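Trainee: what follows is a predicted protein model with its sequence.
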Amino acid sequence: MRFIKIPHIDDTWDKVHIKTLSPSSFSWICNGCAYQVLLQKVLYTLGDNTYFLPPHKNTILGTIIHKIYELASKGTLSTPREMMEIWEQLVNEQKKKLIESYPTLLNPKINDYDKRNKAIRYAITIHEKKTDFLLESTNIKIVSEKPIVCEDIGLSGVVDKMIIDSGNIDIIDYKSGRVVDEDGNLKLEYIVQLHLYAAMCVHLSLGNIRSLKLIDIEGQLFDIVYDEELSKALVKDVAERIVKLNNAINARQFEDLIKPDKDRCGYCSCRHICNYMIQSDELIYRTICGYVKRISSSNMYILQNGDITYYISGIGVYPIDDYYGYIGKKLVFINVIRTSSLANNYTYKVTENTLVYEL
Ligand code: SF4
């Protein structure tokens, strides 16, 4: 095997241009790190899915949960047993995909039976049409997982569910994580996201927005009051942000967009290619990057990063084709842990969750 080799991203910026943002990317640009959105676009432009870090297990399970809700609302799944079987099948398919895509990921655990049971309980209510807003009416049309692109207003995304009923639209977004903040209020980012989906539906003249709803994994329904003015203001903001992002790309000036933060960077989906990543000493799973300076045994690579020398052990678990061919190469190790709590700060070992990239 070889580690996944990512081409130099500096050579790719010429090909990167932002035409649209998804509602979730827009939220992240406003409240997180806009540079991450650009790096994701670079990876996308490079055209190989394995350059992306694997999605968080909650994201994968969220997709599986959506699928089960969709099949339950179509009547394809009706009993808990059928739903459990499809859950296992989808989880196993995703695990297989992870193993095939990421050769160093030795144990891609993604299952979560608590989430499964909650999702199935709600899927049963969908199937039995116990959910008020899904009550049948003669003109109703339910559309699931609908990709929408509105280039003229700089938006694109996939709507989890739309109910189109006599010229009216209900937009429904399923969330597998927490929907409210510490104070019990609906998270602002979700209010923004739903209003942007509404803007796309209005732009495409799909109907009048009748309601915006969030549903959490336990089936709890949260209504968001639709505010047309907010929707319009957000669309204007999206256009301005796109201009700013493209200007930054053209000038290769990213300083205003980069927002390193110990918590944020530690879980960032682009931390393997980001030169500005910082991480907390408290983190168990760490990201270590450097040039391979020496290979001291068949089990250990010694990396140099500036003044720091890192020792990474456990490499012997990987059947690497050309073990010594990595001397002088830049490698990044994601999800390595300290060898021991007593060891110095620079001695790490690979784990069953480790990913290794050559940059
Ligand atoms: S690692 Fe940190 S600074 Fe870099 S893109 Fe991610 S969040 Fe931004």
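Mentor: Structure's in. What do you need?

Trainee: SS state for P108?
Mentor: Counting by DSSP: H, G, I helix; E, B strand; the rest coil, the backbone at P108 sits in coil.

Trainee: element containing the closest residue to it other than its chain neighbours, please.
Mentor: With sequence-adjacent residues excluded and distances taken as Cβ to Cβ, 6 or more residues apart in numbering, P108 is closest to L98, at 3.9 Å. All C-beta spots, glycine's among them, are computed from the backbone N, C-alpha and C. Taking DSSP states H and E as the definition, L98 sits inside helix 80-101.

Trainee: what residues sit buried inside the helix or strand following that helix?
Mentor: Per DSSP H and E, the first helix or strand lying C-terminal to helix 80-101 is helix 113-127. The neighbour-count check on helix 113-127 (16 or more other Cβ atoms under 10 Å) flags K115, R116, K118, A119, I120, Y122, A123, I124, I126, H127 as buried.

Trainee: make CSV out of the residues you listed and add pLDDT.
Mentor: Shown next, in CSV, are these (pLDDT from 0 to 100):
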residue, pLDDT
K115, 91
R116, 94
K118, 90
A119, 90
I120, 93
Y122, 88
A123, 90
I124, 91
I126, 82
H127, 80
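
Trainee: you'd agree the residue nearest to P108 is up against N107?
Mentor: No. The criterion here is Cβ atoms under 8 Å, and L98 misses it with N107 at 9.7 Å.

Trainee: the helix ranked longest in the chain close to the ligand?
Mentor: In the chain, with assignment by DSSP state H, the single longest helix is helix 228-251. No. On the criterion Cβ under 6 Å from any ligand atom, helix 228-251 is out of touch with the ligand, staying 13.1 Å away.

Trainee: enumerate the positions of that helix that are buried.
Mentor: Residues of helix 228-251 classed as buried by neighbour count (16+ other Cβ under 10 Å): L230, S231, L234, V235, D237, V238, R241, I242, L245, A248, I249.

Trainee: pLDDT on that helix, on average?
Mentor: When pLDDT is averaged along helix 228-251, the result is 97.

Trainee: so is the first helix or strand past that helix going along the chain next to the ligand?
Mentor: Following helix 228-251 in sequence order, the next helix or strand is helix 262-266 (DSSP H and E). Yes. Looking at helix 262-266 against the ligand by Cβ under 6 Å from any ligand atom, the contacts come from R264, C265.

Trainee: next, the buried residues of helix 262-266.
Mentor: Going by neighbour count (16+ other Cβ under 10 Å), the buried part of helix 262-266 is R264, C265, G266.

Trainee: a markdown table for those residues, including pLDDT?
Mentor: A markdown table is the format used below for these (pLDDT from 0 to 100):
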| residue | pLDDT |
| --- | --- |
| R264 | 93 |
| C265 | 95 |
| G266 | 90 |
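
Trainee: quickly note the distance from the nearest residue to F222 once chain neighbours are set aside to N107.
Mentor: Distances taken as Cβ to Cβ, 6+ apart place L214 nearest to F222, at 4.3 Å, with adjacent residues excluded. Here the distance between L214 and N107 works out to 33 Å (Cβ to Cβ, to the nearest Å).

Trainee: which of the two has more neighbours?
Mentor: Neighbours per residue, other Cβ atoms under 10 Å: of L214 and N107, the larger number sits with L214, 23 against 10.

Trainee: how about the residues of the stretch 101-250 of the chain by the ligand?
Mentor: Counting by Cβ under 6 Å from any ligand atom, no residue of the stretch 101-250 of the chain is near the ligand.

Trainee: helix, strand or coil for the residue in the stretch 51-200 of the chain positioned nearest to the ligand?
Mentor: Nearest residue of the stretch 51-200 of the chain to the ligand (Cβ to the nearest ligand atom) works out as L53 at 10.7 Å. Under three-state DSSP, the three-state class of L53 is coil.

Trainee: once you drop chain neighbours, what's closest to it?
Mentor: Nearest non-adjacent residue to L53, counting by Cβ to Cβ, 6+ apart: S269, 5.3 Å away.

Trainee: wait, what's in contact with the one you found?
Mentor: Counting by Cβ atoms under 8 Å, 6 or more residues apart in numbering, S269 makes contact with Q36, Q40, F52, L53, P55.

Trainee: now do 10 Å
Mentor: Contact analysis of S269 by Cβ atoms under 10 Å, 6 or more residues apart in numbering lists Q36, L39, Q40, L43, F52, L53, P54, P55, H56, T59.

Trainee: am I right that the fourth one falls within a strand?
Mentor: What that stands for is L43. No. Under the criterion used here (three-state DSSP), L43 is helix, not part of a strand.
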